[in-house]
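K.L.:
missing the sequence, but the structure's below:
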């Protein structure tokens, strides 16, 4: 079988993409693995939904960011309901400066948490939205320090939740 020039170009591009993805992916260290297991154990005590059956998605924006939790199987209505219930409650707690749930999962010294907890009323907006397979929280502010706090907070969650979390890019929310 002889490959056309177009087929060779496509194969080279695919190989390059695979190579770059491999170089960009960070191997999980033993310490990271231990931390992620601890976070999952603590998370199971705080979050009513299954981490294994859901995914946390984080999108940083110019004004803060969007945290989505979705069921991996959008037909798993129990997980969808649990996600929505939990995130709606979290939104209300966060608006009151109560970040005790994330602190108990990730630690009281979690990057960004103190700034978010101590935000002046009206400086950090948190909005809940139900989505088809779960729910989302949108964090927004005009305060650069709070925007950085949200980004740092997202980075920690991305690291701590390991394969149960992923960074998303939402240019239409920028």
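P.N.:
Sure thing, it's come through. Predicted model only: the values in this text are computed from it and were never measured.
K.L.:
look up phi and psi at the residue lying closest to residue 142 once chain neighbours are set aside.
P.N.:
Leaving aside its chain neighbours, residue 142 sits nearest to residue 63 (7.2 Å; criterion: C-beta to C-beta, 6 or more residues apart in numbering). From N, CA and C alone the C-beta is placed, and that goes for glycine too. Here is the backbone geometry of residue 63 (degrees, to the nearest 10): phi -110, psi 0.
K.L.:
residues touching residue 63, list them.
P.N.:
140-142, 147 (C-beta atoms under 8 Å, 6 or more residues apart in numbering).
K.L.:
so how far is residue 84 from it?
P.N.:
Residue 63 sits 24 Å away from residue 84, taking C-beta to C-beta, to the nearest Å as the criterion.
K.L.:
for residue 64, same thing?
P.N.:
For residue 64, the distance to residue 84 - C-beta to C-beta - is 21 Å.
K.L.:
who has more neighbours out of those two?
P.N.:
Taking neighbours as other C-beta atoms under 10 Å, residue 64 and residue 84 compare with residue 64 leading, 28 against 19.
K.L.:
who's in contact with the closest residue to that one other than its chain neighbours?
P.N.:
Sequence neighbours aside, residue 139 is the residue nearest to residue 64 in space, at 3.8 Å (criterion: C-beta to C-beta, 6+ apart). Residues near residue 139 by C-beta under 8 Å, 6+ apart: 64-67, 116, 124-126, 150.
K.L.:
so residue 139 sits in a strand?
P.N.:
Yes - checked against DSSP: H, G, I helix; E, B strand; the rest coil, residue 139 lies within a strand.
K.L.:
thinking residue 94 is in contact with residue 138, fair?
P.N.:
No - at 11.2 Å, residue 94 does not count as touching residue 138 under the criterion of C-beta atoms under 8 Å.
K.L.:
pull up the overlap in contacts between these two.
P.N.:
With C-beta under 8 Å, 6+ apart, residue 94 and residue 138 have common neighbours residue 126.
K.L.:
per-residue pLDDT of residue 158, please?
P.N.:
On pLDDT, residue 158 comes in at 81.
K.L.:
next up, phi/psi of it, please.
P.N.:
The phi and psi values for residue 158, taken as degrees, to the nearest 10, are phi -60, psi -50.
K.L.:
you'd agree it is up against residue 59?
P.N.:
No - contact criterion C-beta under 8 Å: residue 158 and residue 59 do not qualify, at 11.0 Å.
K.L.:
which neighbours do these two share?
P.N.:
What both residue 158 and residue 59 touch, as defined by C-beta under 8 Å, 6+ apart, is the set residue 167.
K.L.:
out of these two, which sits in the busier spot?
P.N.:
residue 59 (20 against 16).
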